[in-house]
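*Asks:* Build the 3D model from these lines:
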Amino acid sequence: MRCIVVDVGGTTLRTACWDADVQALSGVRRVPVRGTGGLDTEDVVGVQRSVVEQLVEEIELVRGSAEGLGAVAVGVAFAGPVTGAGTVTGAPTVWGGGGPALPLAELLRERTGMPVTVVNDTTAAAWRYADPGGPAFCLFTVSSGISNKIYVGDDVLVDAGGHGGELGHLLCDPAPDAPRCDCGGRGHLGALASGRGMLAAARRAARAEPGAFAVSRLAELCAGTATPPQPDDITNRQLARAAHEGDPFAVAVVRTGLAHLATAVSSVFLAAGIRRYVFVGGFALAVGERFLDVLAEELLRVGCFGLTAPEIRDMLVLGAPDDDHCLIGMGRLLGKRHQASEAPLLTK
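*Replies:* Below is the predicted model:
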């Protein structure tokens with residue numbers, strides 16, 4: 001079976017063709033998504049319309065390519081909560097807070113004439129790492145925002161309304177002036193521990209401690225943009241690289257976010273006993289193993305009742321070092337559903 005797979009993120013829209021027979025992607029294409037980058041807009045419906053138009057254009061491009069010939073279905077992984085019917089009920093990182101629910105699957109079926117499945121992007125990504133009959137795990141995406149999904153019993157835990165796996169909106173800082181989340185709330189985990197959240201924290205720290213920033217590796221990486229480098233010159237790429245290299249200033253900033261992420265991970269462990277956590281997303285993967293090391297230290301601080309320090313560190317792993325998680329996972333999910341639809345009925 002061949003299908004068209006799409007990943008709509010807060011920054012980038014990715015498309016590809018998935019061949020279920022060989023379990024491989026081909027013709028991967030990446031373009032900026034026509035969203036607001038998480039900023040609010042008075043014309044949410046207009047942005048939604050623009051995103052739908054872009055999706056139709058990109059799907060037709062794949063469909064008309066050599067790789068897309070013979071595609072029988074479309075699968076869209078979308079950055080936001082999605083109902084079982086394929087309706088997007090919110091997309092803070094794509095068009096900011098607010099706006100009506102978007103019946104995306106229905107709209108794309110009408111426009112393309114193809115069967116269309118739409119699921120949350122982290123739900124799709126979880127299927128890349130799913131092992132039928134294997135142990136349960138929790139997947140976290142740490143990128144423009146933060147989301148999570150739990151895989152257990154050969155399924156991802158999401159209800160028909162799309163609820164579940166939105167720890168990025170867990171309230172971590174109740175202060176009225178806490179950092180603002182893309183959804184419009186304040187003090188949410190995503191506002192504090194996502195790539196965007198930690199970038200904002202790095203800039204605040206650079207303003208508050210100009211001396212420490214000036215002698216940091218992070219400032220050195222920013223030196224090409226201004227002399228001396230200014231806090232607003234810091235980028236996510238530079239922050240992640242400096243933390244990856246062990247720069248004390250950058251690591252301290254990342255730790256402030258991971259302290260909150262540790263609380264979320266600890267809550268999942270304490271509530272459900274999940275012993276495996278997979279981290280994907282551009283920011284987490286760019287920081288690399290140091291991301292997990294610092295997170296493990298913070299988990300030990302907040303506590304995972306009954307676990308030792310080595311056991312805590314062993315349950316944290318990075319996903320594959322690419323940005324194809326949603327595309328591959330979406331393809332595998334479509335393949336699984338296709339097989340289930342063709343399975344013969346068992347009779348007594």
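
*Asks:* where do the helices sit along the stretch 151-300 of the chain?
*Replies:* Applying DSSP state H, counting those that start in this stretch to the stretch 151-300 of the chain gives helices spanning 189-193, 195-208, 210-214, 217-222, 236-244, 248-272, 282-287, 289-302.

*Asks:* With respect to Thr87, which of the ones you listed lies nearest?
*Replies:* Closest to Thr87 of these, according to C-beta to C-beta: helix 189-193, at 21.7 Å. Placement of C-beta: from N, CA and C, glycine included.

*Asks:* export that closest one as PDB, just CAs?
*Replies:* The C-alpha coordinates for helix 189-193 follow below in PDB (Å, rounded to 0.1, in the frame of the first residue of the first chain):
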ATOM      1  CA  LEU A 189       4.600  23.700  30.700                       C
ATOM      2  CA  GLY A 190       4.900  24.500  27.000                       C
ATOM      3  CA  ALA A 191       5.500  28.200  27.800                       C
ATOM      4  CA  LEU A 192       8.400  27.200  30.200                       C
ATOM      5  CA  ALA A 193      10.000  24.100  28.700                       C
END
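
*Asks:* quick revisit: dump the helices of the stretch 151-300 of the chain to JSON lines, plus distance to Asp323.
*Replies:* Formatted as JSON lines, the helices of the stretch 151-300 of the chain follow (distance: least, C-beta to C-beta, whole Å):
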{"stretch": "helix 189-193", "distance to Asp323": "19"}
{"stretch": "helix 195-208", "distance to Asp323": "13"}
{"stretch": "helix 210-214", "distance to Asp323": "29"}
{"stretch": "helix 217-222", "distance to Asp323": "22"}
{"stretch": "helix 236-244", "distance to Asp323": "14"}
{"stretch": "helix 248-272", "distance to Asp323": "20"}
{"stretch": "helix 282-287", "distance to Asp323": "7"}
{"stretch": "helix 289-302", "distance to Asp323": "16"}
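
*Asks:* out of those, deepest packed?
*Replies:* helix 189-193 (a mean of 29; mean count of other C-beta atoms under 10 Å).

*Asks:* Give me the distance from that helix to the chain's centre.
*Replies:* The gap between where helix 189-193 is centred and where its chain is centred comes out at 13 Å by C-alpha atoms, centre = their mean, to the nearest Å.

*Asks:* same for that helix, what does it pack against?
*Replies:* strand 146-151, helix 195-208, helix 248-272 (3 or more C-beta pairs under 8 Å, 6 or more residues apart in numbering; DSSP states H and E).

*Asks:* Take those and write them to a markdown table, including distance to Val280 and mean pLDDT.
*Replies:* A markdown table is the format used below for these (distance: least, C-beta to C-beta, whole Å; pLDDT from 0 to 100):
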| stretch | distance to Val280 | mean pLDDT |
| --- | --- | --- |
| strand 146-151 | 10 | 94 |
| helix 195-208 | 12 | 96 |
| helix 248-272 | 14 | 97 |
